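Novice: below is the structure, and that's it, no one-letter string:
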């Protein structure tokens with residue numbers, strides 16, 4: 001390839017940067033398999049590619065396809081990712097590699113953000129977004145080739161796409177499907193897709209020494225921070241990757257690592273501590289690719305980069321320069337109990353497959369070391385071989401609604417790779433029926449059609465759609481946007497009292513949903529000023545996201561002909577209407593204060609506590625809650641005061657006493673019904 005050559009996508013000369021990157025692309029392991037891959041793709045409708053993390057499959061395979069002859073024109077390729085952060089960062093990288101503008105020839109689509117155009121020929125998108133596109137275009141006719149990447153993660157959306165695309169491929173012989181995985185569970189994919197051919201691409205792996213603890217660690221977070229500091233003090237140069245479970249834990253660890261290393265003095269090299277989790281802003285995510293800091297003085301000890309990440313760094317993103325991996329052996333997993341309809345994120349042990357992927361991150365550029373903060377016996381006996389598919393541990397109400405929208409009525413015989421428990425499916429159908437999305441025969445209603453158009457969970461969709469009936473759709477739209485954004489309140493360890501005092505000025509006597517509304521209004525009144533956010537312990541990025549989400553949902557509401565309206569602020573009905581609208585979506589998430597002073601969830605009779613973060617300073621008799629959190633105790637979070645008689649008015653079908661369990665809530669409802 002010569003300088004001065006024209007870019008086939010833009011018609012402009014290639015930049016100098018293009019040729020620089022091109023040399024790096026040719027060094028990727030997947031490059032050696034380009035011809036083999038394209039020959040197999042031409043000869044088959046379905047192809048499975050197994051490539052170690054770092055082999056270059058996510059960035060290069062879509063480009064190989066675009067450059068291939070004989071796949072039909074105009075060629076449009078979709079490449080799905082389980083995580084939004086990866087869809088965004090990979091799209092940015094590939095746009096750079098192709099020397100095009102991000103959002104034009106190469107783009108991405110994630111929930112609440114579409115960075116693509118009519119010119120887009122390669123789109124990275126979350127698996128959930130491709131599923132959403134299928135509900136508007138069931139045969140996905142805009143694409144010639146679909147790539148399901150990171151298929152080994154077995155996310156709920158990817159599993160549904162497997163079943164869906166199996167059907168679509170029969171109806172569209174011109175469509176090609178590539179399934180990419182980082183692990184050898186690919187044989188299962190082969191069987192599912194009737195022995196599709198398999199191509200294996202080795203990664204660039206150097207040997208990795210494994211170290212286990214001699215005894216179980218009592219506190220994995222403390223042990224992890226201690227290990228980071230010891231590596232920095234004792235080990236040769238090389239960056240460190242520490243796996244933790246979530247945003248709060250990661251930010252806490254980053255703070256402590258910085259403090260402990262700064263206390264060591266300058267006989268050790270400088271460090272750059274970088275967090276990585278899915279809700280992190282794209283600009284911040286890019287910091288993981290920056291080099292380690294230079295020595296403080298000529299000839300001084302070298303600097304080190306320390307990345308503290310969720311399991312996103314297991315297979316989704318490749319970070320060069322990592323020599324040391326610290327694996328405490330945990331991740332956050334979604335778990336669902338259909339009997340009490342509780343879905344929660346719990347810190348659980350990882351699988352052996354995940355442990356293998358984590359250790360492999362240390363051997364990317366040179367021999368490495370992996371410090372597993374658990375015993376070898378625990379690895380052999382306690383860890384499951386593979387991570388349990390998300391479909392088998394999730395609330396399926398949203399999925400069932402999507403399948404119904406796609407015209408798939410026989411859910412029991414839908415070709416799931418691993419079928420969910422019948423009880424979970426029945427619960428999902430029951431919830432959708434109570435919400436009015438499905439009729440008694442299981443058919444999609446007009447309300448259900450509208451609910452499926454919104455990229456929200458079914459309860460939230462219902463609440464938003466019926467809010468004009470309560471004359472408060474503007475306010476419910478704002479609350480929905482705030483609930484869809486990252487948490488807005490910041491409570492740093494060193495300034496908890498000041499943060500609590502700042503939060504108190506936004507608190508609403510009736511609860512947390514109305515407090516969120518107050519925060520959003522104050523943010524807008526202060527012209528979205530980041531300094532105002534900082535002064536009031538508000539996360540400016542969360543409010544920016546909420547503002548963007550609100551705009552997008554407003555556009556969908558306009559398309560659905562749902563009017564934006566508000567009750568007069570000075571009317572007594574202003575907050576009452578908002579609380580009633582909240583209840584119209586979340587009437588199945590209500591708790592009653594029992595005579596002994598604790599809350600019980602209605603119908604399921606689970607004892608729960610108000611989450612410590614609530615702004616309620618009293619215990620109302622009835623509350624509606626946004627989520628059920630399982631930690632050391634069972635908490636309900638984001639809670640608002642409601643009245644018992646509203647339950648009877650708004651959801652009489654759900655609060656029908658003929659199928660209501662005995663208990664204090666039933667007795668109160670009986671008295672309320674007697675008054676009607």
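Specialist: Cool, the structure landed. In this text the structure is predicted, and so the values were computed from the model without any measurement.
Novice: what strand or helix carries the residue nearest to residue 560 when sequence neighbours are not counted?
Specialist: Spatial nearest neighbour of residue 560, excluding adjacent residues (Cβ to Cβ, 6 or more residues apart in numbering): residue 450 at 5.5 Å. All C-beta spots, glycine's among them, are computed from the backbone N, C-alpha and C. Assessed by DSSP states H and E, residue 450 sits inside helix 446-453.
Novice: let's verify residue 562: helix, strand, or coil?
Specialist: coil (DSSP: H, G, I helix; E, B strand; the rest coil).
Novice: phi first, then psi, for it.
Specialist: phi -100, psi 120 (degrees, to the nearest 10).
Novice: distance of the residue nearest to it when sequence neighbours are not counted from residue 508?
Specialist: Leaving out its chain neighbours, the residue that sits closest to residue 562 by Cβ to Cβ, 6+ apart is residue 468, at 5.7 Å. When distance is defined by Cβ to Cβ, to the nearest Å, residue 468 is 22 Å away from residue 508.
Novice: burial measure for the residue nearest to residue 560, as a count.
Specialist: 20 (other Cβ atoms under 10 Å).
Novice: and residue 354, what helix or strand is that in?
Specialist: Per DSSP H and E: helix 352-360 holds residue 354.
Novice: who's in contact with that helix?
Specialist: 52-53, 152, 182-183, 185, 203, 205, 208, 210, 243, 311, 314-315, 325, 327, 329, 331, 350, 370, 372, 379, 383-387 (Cβ atoms under 8 Å, 6 or more residues apart in numbering).
Novice: if you set the cut-off to 6 Å instead, what comes out?
Specialist: Under the contact criterion Cβ atoms under 6 Å, 6 or more residues apart in numbering, helix 352-360 has outside partners 183, 208, 243, 314, 315, 325, 327, 370, 383, 385, 386.
Novice: give the buried residues for that helix.
Specialist: 353, 354, 355, 357, 358, 359, 360 (16 or more other Cβ atoms under 10 Å).
Novice: check stretch 257-269 too.
Specialist: Buried residues in stretch 257-269 (16+ other Cβ under 10 Å): 257, 261, 268, 269.
Novice: which of these fall in helices?
Specialist: Counting by DSSP state H, the buried residues of stretch 257-269 place 257, 261 in helices.
Novice: residues making contact with stretch 69-78?
Specialist: So stretch 69-78 is contacted by 62, 65, 121, 122, 123, 142, 143, 144, 145, 146 (Cβ under 6 Å, 6+ apart).
Novice: please pick the buried ones from those residues.
Specialist: 62, 65, 121, 122, 123, 143, 144, 145, 146.
Novice: how far does the helix or strand the first one falls within sit from the chain's center?
Specialist: So the one you mean is residue 62. Residue 62 belongs to helix 57-67 when assigned by DSSP H and E. Averaging C-alpha positions (Cα atoms, centre = their mean, to the nearest Å) puts helix 57-67 25 Å from its chain's average.
Novice: quick one: buried residues of that helix?
Specialist: Neighbour counts using 16+ other Cβ under 10 Å place 57, 58, 59, 60, 61, 62, 63, 64, 65, 66 of helix 57-67 among the buried residues.
Novice: which single one of these is nearest to residue 426?
Specialist: Among the buried residues of helix 57-67, residue 58 lies closest to residue 426 (Cβ to Cβ), at 37.7 Å.
Novice: got the contact list for residue 670?
Specialist: Not one residue lies near residue 670 by Cβ under 6 Å, 6+ apart.
Novice: in three-state terms, label it for me.
Specialist: Applying three-state DSSP: residue 670 is helix.
Novice: look up how far residue 589 lies from it.
Specialist: Relative to residue 589, and taking Cβ to Cβ, residue 670 is found at 22 Å.
Novice: from the chain's centroid, how far away is stretch 232-241?
Specialist: Averaged C-alpha coordinates place stretch 232-241 at 31 Å from its chain's average position (Cα atoms, centre = their mean).
Novice: now do the end-to-end distance for that stretch.
Specialist: 12 Å (Cα to Cα, to the nearest Å).
Novice: and what of stretch 606-625?
Specialist: 14 Å.
Novice: quick one: average confidence on it?
Specialist: Mean pLDDT, computed over stretch 606-625, is 95.
Novice: list the buried residues in that stretch.
Specialist: 606, 608, 610-611, 613-616, 620, 622-625.
Novice: which two of those have the greatest separation?
Specialist: The distance between the two most remote of those (Cβ to Cβ) is 23.1 Å, for 606 and 615.
Novice: mind giving me the packing neighbours of the helix holding residue 62?
Specialist: If you count contacts as 3 or more Cβ pairs under 6 Å, 6 or more residues apart in numbering; DSSP states H and E, helix 57-67 packs onto strand 77-81, helix 84-97.
Novice: which pLDDT value goes with residue 2?
Specialist: Value for residue 2, per-residue pLDDT: 55.
Novice: count of neighbours near the nearest residue to residue 619 once chain neighbours are set aside?
Specialist: Here the nearest residue to residue 619 in space, its sequence neighbours aside, is residue 593; by Cβ to Cβ, 6+ apart that works out to 5.4 Å. Neighbour count for residue 593, taken as other Cβ under 10 Å: 18.
Novice: residue 589 too?
Specialist: Neighbours of residue 589 (other Cβ under 10 Å): 22.
Novice: give me the nearest residue to it, chain neighbours excluded.
Specialist: If the residues on either side of it in the chain are set aside, residue 589 comes closest to residue 625, at 5.2 Å by Cβ to Cβ, 6+ apart.
Novice: ok, that neighbour - contacts?
Specialist: 589, 636, 639 are the contacts of residue 625 under Cβ under 6 Å, 6+ apart.
Novice: how far does the lowest-mean-pLDDT helix or strand in the chain sit from its chain's centre?
Specialist: Ranked by mean pLDDT, DSSP states H and E, the weakest helix or strand in the chain is helix 282-285, scoring a mean of 77. Centroid separation for helix 282-285 versus its chain: 16 Å, with Cα atoms, centre = their mean.
Novice: show the subsequent helix or strand relative to that helix.
Specialist: strand 304-309.
Novice: contacting residues around the very next helix or strand once past that following strand?
Specialist: As assigned by DSSP H and E, the chain's next helix or strand after strand 304-309 is helix 312-315. Helix 312-315 has contacts (Cβ under 6 Å, 6+ apart) with 53, 83, 182, 357, 358.
Novice: burial count for the spatially closest residue to the last one that is not a sequence neighbour?
Specialist: So the one you mean is residue 358. Leaving aside its chain neighbours, residue 358 sits nearest to residue 327 (4.6 Å; criterion: Cβ to Cβ, 6+ apart). Applying other Cβ under 10 Å, we find 27 residues neighbouring residue 327.
Novice: so where is the protein shaky, pLDDT-wise?
Specialist: 1-4, 72, 184, 204, 676 (pLDDT under 70).
Novice: report the central residue of it.
Specialist: residue 83 (5.9 Å; Cα atoms, centre = their mean).
Novice: pretty sure it contacts residue 278?
Specialist: Yes: using Cβ atoms under 6 Å, residue 83 is in contact with residue 278, at 5.5 Å.
Novice: re earlier: separation between the residue nearest to residue 560 and residue 401?
Specialist: Applying Cβ to Cβ to residue 450 and residue 401 gives a distance of 11 Å.
Novice: again, but for residue 339
Specialist: For residue 339 relative to residue 401 (Cβ to Cβ), the value is 21 Å.
Novice: ok, now residue 675?
Specialist: To residue 401, residue 675 is 36 Å away according to Cβ to Cβ.
Novice: higher neighbour count, the two?
Specialist: With neighbours defined as other Cβ under 10 Å, residue 675 and residue 401 compare such that residue 401 has more, 25 against 7.
Novice: neighbours of the residue lying closest to that one once chain neighbours are set aside, how many?
Specialist: Nearest non-adjacent residue to residue 401, counting by Cβ to Cβ, 6+ apart: residue 452, 5.3 Å away. Counted with other Cβ under 10 Å, residues neighbouring residue 452 total 22.
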